[in-house]
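Chemist: What follows is a predicted protein model with its sequence.
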Amino acid sequence: MAIVKIVGILVFALGGLWAANFSLVDLIPATAEVNSYSAVNYIEAIALSILAYKGFTTITNSGGEIIKPHKNVGRSIIISLLICTVVYFLVAIAVNASLSIPEIVKAKDYSLAEAARPAFGNYGLYFTVGIAIVATISGIIASIFAVSRMTAMLTDMKLIPHSHFGMSGSVQKHMLLYIVVIAITLTIFFDLSSIASIGAIFYLVMDMIVHWGVFKYLRKDVQANPIILISALLLDFIVLIAFLWVKASSDIFVVIVSITGIAIVFVGERWFLYWKENEKG
């Protein structure tokens, strides 16, 4: 399924470039288009693009199932990031060479199909939907299984609460069900854009916490470079602030839901760890 996604998107991107008679000059947008967006808007856009590279966490969460994980997890992450970078770069220049920024905004999820329309016609839309279905199904399956493994591990470490609710089977299967229920609930109450925005806020906050945790407690054990950790922490913070600033003016409900969700997680986790500590005592 990964091969189908990669090849399908590359065919579209190359078709769009061929149809647009692409040249390097096409990478330079019109001055009016550039000036109509502030620096904060461009930084804010990075928050959503970060989600495009989130997939490598699926690799790390699946480390226990990879042959020679200490050697191959790192290689897998580097290869996946390189593939994503090449594919997304080709998609970006293909769309930019064929469409103006207002046309891209109007087309939204179908911008690549619109860019490749001269080469593929209306069949491009059907092809885009087909690739999107494959990408969505495979991505969801990979993500929920990876997250279920991670949360099952945290449950075994007594770091998060868990209840069987009378169900049989392993903890991982229970977590798999809980994750699917949460995903379905989000899908019912929010559109794709709002879910992506909420996910970006949660992910950036989580990323910053991990960077700080590694810097403060584990950098000597894992021989992490403190400069890289602090740089990543600051960049995440800048992107998060820009994203919240823009969303606060355009979709304040998403910001409220995200902050509320994060607060619930922090308070709930704090209470759970306090309760477990007292239970041991």
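Modeler: Structure received. What you are looking at is a predicted structure, and each value in this text was computed from that prediction instead of being measured.
Chemist: Could you chop this structure up by domain?
Modeler: As given by automatic domain parsing, the domain ranges for the chain are 1-147, 190-281.
Chemist: Packing partners of the strand or helix carrying Ala107?
Modeler: With elements delineated by DSSP states H and E, Ala107 resides in helix 101-107, which encompasses its position. Here helix 101-107 is seen to pack against helix 111-115 when contacts are counted using 3 or more C-beta pairs under 8 Å, 6 or more residues apart in numbering; DSSP states H and E. No exception for glycine: its C-beta is placed from N, CA and C like everyone else's.
Chemist: how far is the helix it packs on from where the chain is centred?
Modeler: A distance of 21 Å separates the centroid of the chain from that of helix 111-115, by C-alpha atoms, centre = their mean, to the nearest Å.
Chemist: for the chain, which helix is longest?
Modeler: When the chain is parsed with DSSP state H, its longest helix is helix 123-156.
Chemist: Buried residues, that one. List them.
Modeler: For helix 123-156, the buried set under the neighbour-count rule, 16 or more other C-beta atoms under 10 Å, comprises 124, 127-128, 131-132, 135, 139, 142-153, 155.
Chemist: Name the nearest residue to Val257, sequence neighbours excluded.
Modeler: In space, and not counting its chain neighbours, Val257 is closest to Ile198: 6.2 Å by C-beta to C-beta, 6 or more residues apart in numbering.
Chemist: How about the contacts made by the one you found?
Modeler: If you count contacts by C-beta atoms under 8 Å, 6 or more residues apart in numbering, Ile198 has them with 186, 190, 254, 257-258, 261.
Chemist: same thing with Leu273?
Modeler: Contacts here follow C-beta under 8 Å, 6+ apart; on that basis Leu273 touches Leu159.
Chemist: try Val222
Modeler: By C-beta under 8 Å, 6+ apart, the contact set of Val222 is Val214.
Chemist: and it, what element?
Modeler: Mapping Val222 onto the secondary structure by DSSP H and E places it in no helix or strand at all.
Chemist: In this structure, what residue spans correspond to strands?
Modeler: Chain-ordered strands for the chain, with DSSP state E as the definition, do not occur.
Chemist: Would you list the phi and psi of Gln223?
Modeler: Listed backbone geometry of Gln223 is phi 60, psi 50, with angles given as degrees, to the nearest 10.
Chemist: Please tell me how far it sits from Leu229.
Modeler: Distance, Gln223 to Leu229, by C-beta to C-beta, to the nearest Å: 12 Å.
Chemist: Looking at these two, which one has more neighbours?
Modeler: Set side by side, Gln223 and Leu229 show more neighbours around Leu229, with 19 against 7, by other C-beta atoms under 10 Å.
Chemist: Val40 and Ala196, how far apart?
Modeler: With the distance defined as C-beta to C-beta, Val40 ends up 18 Å from Ala196.
Chemist: Let's check: the centremost residue of the protein is which one?
Modeler: The chain has Leu51 as the residue nearest its centroid, 2.2 Å off, counting by C-alpha atoms, centre = their mean.
Chemist: isn't it right up against Ser197?
Modeler: No - contact status for Leu51 versus Ser197: not in contact, 9.7 Å apart, counting by C-beta atoms under 8 Å.
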